[in-house]
Each structure stands twice: as structure tokens, then as C-alpha cells.
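Trainee: Let's see this in three dimensions:
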Amino acid sequence: MTTDWSAERMQDLSGATIVVTGANTGLGLEAAREFARKGAHVVMACRSERRGDAARDEIRAELPSASLSVHECDLADLESVREFAAEFSRTYPSLHVLCNNAGVMAVPRSETAEGFETQFGVNHLGHFALTGLLFDDLVETSGETRVVTQSSGVHERGEIDFADLQGEERYDEWSAYAQSKLANLLFAYELDRRTRAAGLDVKSVACHPGWAATDLQRRGPEMTGSTLRLWAIRVANALFAQSAERGALPMLYAATAPDIDGGDYVGPGGLMQSRGSPEKQRSNDRSYDPERAVRLWERSEELIGVRFGLDPAY
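Mentor: Okay, the predicted model is just below:
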């Protein structure tokens, strides 16, 4: 059932430390703003420190007492991810929520610093690595902690092509995006299964924003130089999309609501799950396949060399 939940209903977050990737724009910026409004210290993990500083200043212009820090974290460069995680562990004594929010959508084929296809590399592998590197911080924090991984309704058309994960043999920008978003869910649910089996007080949750107007949609058309596609996206966003503020609500709910359980999936409950207040939903059947999830987990560990030390749940 759809709720009437809004960010104003979040509990006081004083004393909490929350990491948000991609916090300089769109959903990440709005989530950072609302977490800070409720008293959390928000670590803004941004690819560009300069843009992160500008976003921090924007929030502080509205909320002068906001507790915010900006750190560079380029998910397309695993060395940057490692440096961010090491700096976080040195600087902060606890980690209550990790929001795996940043991403790229439907861009022409390119590669990360390690040679991974960019959408799979950033959206899945970068966040897999970040979560693994910060996992001890989550476990060692007193009380319940959460990992919130942002997916998309586009996961419905996703398949994990284990024979061509990097799109080297054939590449379609939307299929690659859908694969990465299905990978986000397989990871989130497998992490939940493994933390439960290990008896850890870490909840792994997934969410999606519905259709929200952000900079994410325009990057693909801009990179291909498609003026027509860029114009069409701008018109569609103006007519049909909800705001970034509304699109951030499922992530905020997943990160803070007391009725959230590990393995939950949160999205907007309005028209075709594209807009509206957040509610618990169900993703597609493929996303809950434990065999596919274990295979992806093991392949991800092999590719990036980051291991959680968690055994499969079966």
C-alpha cells in the first residue's frame, strides 16, 4: 500500500554518519540535504571534489548548521575508491548508512580505469568494491547499520551476460544499463542473505526512484551529440517526471524507516511505480535468483580483488 511518507517524517539522525555516493547532484544531493537537515553528518562521496564543494555550499546556504564533508570517490577508478575507503576509516569512528547512489545511464561504450565497461564498472563493480572496503566500518558500528543500493525499474529488462559482462562482443547502451541495475539488486539481496547467515546487524536494502528529473538522463544524448534525443528527454521530464526531491524519497525511506527489513525493495507507489510516495515493492524474479547472485558475487570478487569474508548462505 502506498504511504504518504515524506522526508519530514524521518527521525532525528543526530550522531549518525551517512555516506552518499554521487552527492553533488540529483538524487544524491537531495538525499544529502535531507539527511543533514535531520542532524546526520553526511560524507559526500563525489567524483569531482570541486562539484562536491559547490553542492556542500548550496546545502549550507539553506542549512547553515549542516554537518557535511566532501571527499573524492571516482567509482570508475578503483584506486580512488580504495583511497576514499581508507581515508574514511582513518577519519570517522562509525558508519551507520552507506547509500550506493551514484551511477551512469545509457552512455556510449567506454571503459573504467581498470578496463571494465563503464556502466557495469561504475554502477555495480564500483559500489561492490566500496561496500566491501567499508564493510568492517559497518560491522563495527554499534547498533543496526544499513547499505542502501539504488537500482532502477529498467532492471526488469536486464540480463547478466556472464559470457560478455563488459560488452566487448556486442554493446547496446540500454541493455548494458539494465544489466548493471539488475546486478545492483542481485548484489543487494545476496549481501542481505550473507549478513543474515553471519548473524550481523547490517541490513542490505534496495530502492529505485521511479522517473525523476535529474542530470542522469541527459548525459547519454550529450555524449553521442544527439540533439533530438536530448530535446525529447527534456520534454518528457517536464511532462511526466517527478522532481529529484521526490525521487530521493525511496532512498531516504530505505535508509531510515523503522519498518525496513534487510532484502526490502522500496520505490514510488504511484502511477506505474514511476512517481509518488515510497512503499515496499517486489523486483522481478531474476533479481531474487540466489544461484545467479552467487555467481555474480564470485565473479565480481575475481574482477576487482575485494572480498567481504562472507560465505554464501546456502
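
Trainee: so residue 128 sits in a helix?
Mentor: Yes - the assignment for residue 128 (DSSP: H, G, I helix; E, B strand; the rest coil) places it in a helix.

Trainee: so what's it up against?
Mentor: Under the criterion of CB atoms under 8 Å, 6 or more residues apart in numbering, the neighbours of residue 128 are 187, 300, 304, 306. The way it works is simple: take the backbone N, C-alpha and C, and place the C-beta from them, glycine included.

Trainee: So which of those residues sit within strands?
Mentor: If you go by DSSP state E, the contacts of residue 128 have nothing in strands.

Trainee: Which one of those residues sits in the busiest neighbourhood?
Mentor: Neighbour counts for those, by other CB atoms under 10 Å, peak at residue 187, which reaches 26 neighbours.

Trainee: Next one: the closest residue to that residue other than its chain neighbours from residue 119, what distance?
Mentor: Excluding its sequence neighbours, the residue lying closest to residue 187 (CB to CB, 6 or more residues apart in numbering) is residue 128, at 5.9 Å. Using CB to CB, to the nearest Å, we find residue 128 at a distance of 14 Å from residue 119.

Trainee: ok, now residue 10?
Mentor: According to CB to CB, residue 10 and residue 119 sit 31 Å apart.

Trainee: which of those two has more neighbours?
Mentor: When residue 10 is set against residue 119 and neighbours are counted by other CB under 10 Å, the residue ahead is residue 119, at 29 against 19.

Trainee: Confirm for me that residue 265 is in contact with residue 207.
Mentor: Yes - distance between residue 265 and residue 207: 6.9 Å, which falls inside the contact criterion (CB atoms under 8 Å).

Trainee: Find residues that contact each of the two.
Mentor: Counting by CB under 8 Å, 6+ apart, the common neighbours of residue 265 and residue 207 are residue 151.

Trainee: neighbour count winner among the two?
Mentor: The neighbour count for residue 265 versus residue 207, taken as other CB under 10 Å, is higher for residue 207 (32 against 23).

Trainee: Give the full set of residues in contact with that one.
Mentor: For residue 207, the contact set (CB under 8 Å, 6+ apart) comprises 148-151, 250-251, 253-254, 265-267, 278.

Trainee: remind me which residues of the stretch 101-250 of the chain are low pLDDT?
Mentor: Counting by pLDDT under 70, the ranges of the stretch 101-250 of the chain that qualify are 213-241.

Trainee: how about the helices in the stretch 151-300 of the chain?
Mentor: 173-197, 216-224, 227-240, 244-247, 249-256, 290-304 (DSSP state H, counting those that start in this stretch).

Trainee: Need the nearest residue in space to residue 49, chain neighbours excluded.
Mentor: Beyond its immediate neighbours in the sequence, the residue positioned closest to residue 49 (CB to CB, 6+ apart) is residue 72, lying 4.6 Å away.

Trainee: separation between the one you found and residue 314?
Mentor: Residue 72 sits at a distance of 39 Å from residue 314 (criterion: CB to CB).

Trainee: For these two, indicate the residue with more neighbours.
Mentor: Summary of the neighbour comparison: residue 72 and residue 314, criterion other CB under 10 Å, with residue 72 having more neighbours (16 against 8).

Trainee: related to what we said a few turns ago, so, if you compare the contacts of residue 207, which one comes nearest to residue 22?
Mentor: residue 150 (8.7 Å; CB to CB).

Trainee: Check which helix or strand residue 64 maps to.
Mentor: Using DSSP states H and E, residue 64 maps to neither a helix nor a strand.

Trainee: what about it, how many neighbours?
Mentor: Residue 64 has 7 nearby residues by other CB under 10 Å.

Trainee: For it, what are phi and psi?
Mentor: Residue 64 has phi and psi values of phi -60, psi -30 when expressed as degrees, to the nearest 10.

Trainee: go on, residue 122?
Mentor: The main-chain torsion angles of residue 122 are listed as degrees, to the nearest 10 and equal phi -80, psi -50.
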